[in-house]
Each structure stands twice: as C-alpha cells, then as structure tokens.
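Colleague: Sequence first, then the predicted structure, then my questions.
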Amino acid sequence: MSDYHIRFENISKSYGDVKIIENLELNIEKGEFISLLGPSGSGKTTLLMMLAGFEGQTGGNIWLNEKSLNDLPSYKRNIGVVFQNYALFPHMSVGDNIAFPLKMRGVSKADIQTKVTKALEMVQLLPMKDRKPSQLSGGQQQRIALARALVFEPEVVLMDEPLGALDKQLREQMQLDIRELHKTLGLTIVFVTHDQQEALTMSDRIAVFNKGKIEQIGTPREIYDHPATRFVAEFIGETNLFEGEIAAVNGELATVRTKQGQDITVQAQEHFKVGQEALVSVRPGRIDLSSSCSGAQNSLHAKVKDSVYLGDHLRIQLDEQAHNFVVHLGRKTSEWDIGSEVVANFNANDCWTMTS
C-alpha cells in the first residue's frame with residue numbers, strides 16, 4: 001500500500017490524434033500544497049479536470065486514498081473545486097451559493113446554516129451573506145467561491161487559476177490568505193497556475209509541465225536553484241544561460257568552456273565527464289557588479305547596455321561581451337550609467353550546471 005493521498009499512474013489524454021498528456025506519473029501526499037505550473041496548453045488544467053471527474057483519461061489510473069477514481073462520478077469524489085471565473089450563481093445570495101453543495105448532498109437545513117456561517121467566518125465575509133455576487137468585488141467573489149469549495153469539508157481542493165482575474169495587490173494578498181487556510185485546515189490542495197512567482201510563493205512542491213509531461217517536480221527552492229532542464233531554468237524566473245562543454249574536472253570544481261570561449265568555474269557533480277555538453281544557469285540575483293575583478297571565481301568584463309528601476313531592485317542588462325547577461329541589484333547598491341565598463345562577478349556555488 002502507498003502512503004500517497006493522490007496518485008496519477010501512467011496517465012494519458014488524447015483528443016483524436018492530438019496527445020495532451022502522455023504516460024504521466026505524479027504522487028501527492030496528504031496535506032500537501034502542490035502547484036501544477038506551466039504555459040498554456042501544457043496539460044496542467046487537463047490533469048486537474050481529470051482528478052475532479054470533469055474529464056476522463058484516455059489511459060492510466062487515478063487513485064485517491066488507494067481507491068480508484070476511474071469510474072467514480074465527480075459528485076462522489078469529495079473534492080472541492082475553485083475556478084478562475086468563480087462560477088457563482090448570479091441569482092442566488094452569497095449564503096445560498098455556499099449552501100448549494102450541501103443541499104446537493106442532502107444535508108439538513110440546521111446543519112447547512114451552521115456550516116455556511118462557519119465557512120463565511122473562515123473567509124471573513126459573514127456580513128455579505130445576503131448579498132448577490134454582483135454586489136461583491138472580484139476579491140470577495142473569489143473568497144465566496146473558496147468558501148463554497150470548503151463548506152462540505154472535502155478531502156482535496158482543486159484550484160484552477162483562481163487568482164487570474166484579480167489585480168496584482170489583491171492577488172498577492174489572496175495568495176497569502178489561501179496559504180494560511182491551507183496551513184490551518186491541513187487540506188490537500190492542487191493548484192494550477194502559469195504564474196511562476198505565485199507557484200514559488202504558495203507551494204510545498206511544484207510540478208513544472210511542458211507539452212503534456214512533467215519536466216521537474218520539487219520544492220520551490222529546488223526548482224529555482226537547481227533546474228533539471230533548460231525549459232525549467234528559463235520558465236521559472238529569469239536566468240542567464242551559457243552553452244558549452246565540460247573542459248576539466250578538478251575535485252569539487254569543474255570548468256565549463258562556453259561556445260564563446262569563456263571559461264566558467266562551476267561546482268562539480270558526480271556524473272560530470274570531460275567533453276560532455278553543458279548548460280550553465282546563473283540567476284540574475286546571484287551576480288555582483290563592480291569596476292574591477294572582486295576575487296570571485298568568475299569575472300566577466302562587459303558594458304552596461306540598459307538599466308531599469310523596478311522599485312525593489314535594479315535590472316541591469318550587459319552588452320554582448322557578457323552574452324546579454326542580466327543582473328538584479330538591490331536598490332541600495334550603486335547605480336551604473338549606460339555605457340559604464342563593469343565586471344560581473346559570481347562564484348561556482350552561484351551557478352547550476354545541467355548536462356545532456
């Protein structure tokens with residue numbers, strides 16, 4: 001027997017000859033907050049809809065508590081769903097919207113009233129009970145949709161881009177609110193998003209989707225600092241990539257010679273072999289700029305091509321000598337004029353190297 005709460009076993013999904021998901025495996029632990037992250041058309045929402053029971057898989061098995069969901073209708077799965085468009089009934093009051101899934105399950109009127117009140121208190125909207133959805137803000141509607149998904153105490157809550165329609169400030173606040181609810185209630189939450197920052201902020205683990213497959217799954221720190229593939233490195237935040245091959249391995253350090261002839265010192269890994277193709281990822285926030293070499297293991301000479309003030313940091317782009325390097329500097333650091341000659345300094349432990 002497995003200890004996993006949810007298991008996707010060799011899942012495939014096709015529409016005619018078009019393959020959306022192919023031979024996918026994914027295990028989710030009880031109480032975990034996992035984000036399915038990827039671009040549009042990568043298969044993440046399709047997988048969510050199969051778990052909810054709104055779509056059927058072409059092949060494979062889906063398990064909840066080691067019970068097959070393959071032939072179980074959606075209303076018997078004890079799974080709450082929150083959609084991007086909220087899907088609230090416009091003619092019903094807030095209270096009636098939240099009560100709807102309880103009525104469908106034959107809950108008594110007395111229990112319905114108690115559970116609706118509790119759900120509204122949980123999302124801090126009890127005074128809105130008698131209003132219609134059209135009388136609420138987008139953020140309030142999103143909270144009502146969340147309360148409706150939680151009111152029948154489901155085992156699992158699925159969220160499909162639930163914050164996509166909110167403005168940036170409200171979206172960031174709702175991210176923290178949902179994260180706090182997750183911690184308080186101990187629910188298993190499967191969250192679909194194409195927003196990298198959102199996934200990094202909220203998740204215990206992230207599954208990065210690309211063309212119907214999971215490229216990498218891991219904690220936010222693992223995904224960001226140790227990308228497994230070029231796609232993950234480029235999709236999760238901003239990064240600088242150098243293509244080359246391993247020129248030397250010396251104990252804990254290795255040298256990657258880029259296609260431009262630049263030697264970069266990186267941390268060696270067990271599988272490194274001289275002559276292997278390599279891709280070096282260096283995150284913009286791991287790089288320092290100075291007017292001279294700082295003693296770091298890697299120093300690239302360049303000129304400042306552009307500088308953009310983004311409030312909490314400066315985004316500096318360097319010229320072709322540094323292969324269009326991008327550097328993020330804290331707001332308290334020195335600003336550099338366009339055309340200034342600089343040195344980009346970073347150490348071996350500031351890089352992550354992928355080999356083919």
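Modeller: Received it, and whenever you're ready, just let me know what you need.
Colleague: hey, where'd the helices end up in the stretch 1-150 of the chain?
Modeller: 44-52, 94-104, 109-122, 138-150 (DSSP state H, counting those that start in this stretch).
Colleague: So which of those helices is nearest Arg315?
Modeller: helix 44-52 (28.5 Å; C-beta to C-beta). In short, each C-beta sits where N, CA and C put it, glycine included.
Colleague: How far off centre is the closest one?
Modeller: Mean C-alpha position of helix 44-52 versus that of the full chain (C-alpha atoms, centre = their mean, to the nearest Å) differs by 16 Å.
Colleague: C-alpha coordinates for that helix, CSV please?
Modeller: Extracted in CSV, the C-alpha atoms of helix 44-52 (Å, rounded to 0.1, in the frame of the first residue of the first chain):
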residue,chain,number,x,y,z
LYS,A,44,-1.9,21.1,-16.3
THR,A,45,-5.6,22.1,-16.3
THR,A,46,-6.5,18.9,-18.2
LEU,A,47,-4.9,16.8,-15.4
LEU,A,48,-6.8,18.8,-12.8
MET,A,49,-10.1,18.3,-14.6
MET,A,50,-9.4,14.5,-14.7
LEU,A,51,-8.9,14.5,-11.0
ALA,A,52,-12.1,16.4,-10.5
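Colleague: Show residues contacting it.
Modeller: 6, 8, 11, 13, 20-21, 24, 26, 36-38, 55-57, 62, 69, 74, 77, 79, 81, 156, 158, 160-161, 190, 192, 207, 209 (C-beta atoms under 8 Å, 6 or more residues apart in numbering).
Colleague: can you check stretch 5-25 too?
Modeller: With contact meaning C-beta under 8 Å, 6+ apart, stretch 5-25 is reached by 26-32, 43, 46-47, 50-51, 55, 57-66, 155-156, 188, 190, 212-214.
Colleague: Which ChimeraX command selects the buried ones in those residues?
Modeller: Buried members of the contacts of stretch 5-25, defined by 16 or more other C-beta atoms under 10 Å, are picked up in ChimeraX with:
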select :26,27,28,32,43,46,47,50,51,55,57,60,62,63,64,156,188,190,212,214
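Colleague: Could I get the helices of the stretch 1-150 of the chain in CSV, plus columns for mean pLDDT and distance to Asp177?
Modeller: Below are these laid out as CSV (pLDDT from 0 to 100; distance: least, C-beta to C-beta, whole Å):
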stretch, mean pLDDT, distance to Asp177
helix 44-52, 95, 21
helix 94-104, 93, 17
helix 109-122, 92, 10
helix 138-150, 89, 8
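Colleague: Can you lay out those helices as a markdown table showing distance to Ile287?
Modeller: Shown next, in a markdown table, are the helices of the stretch 1-150 of the chain (distance: least, C-beta to C-beta, whole Å):
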| stretch | distance to Ile287 |
| --- | --- |
| helix 44-52 | 32 |
| helix 94-104 | 50 |
| helix 109-122 | 44 |
| helix 138-150 | 37 |
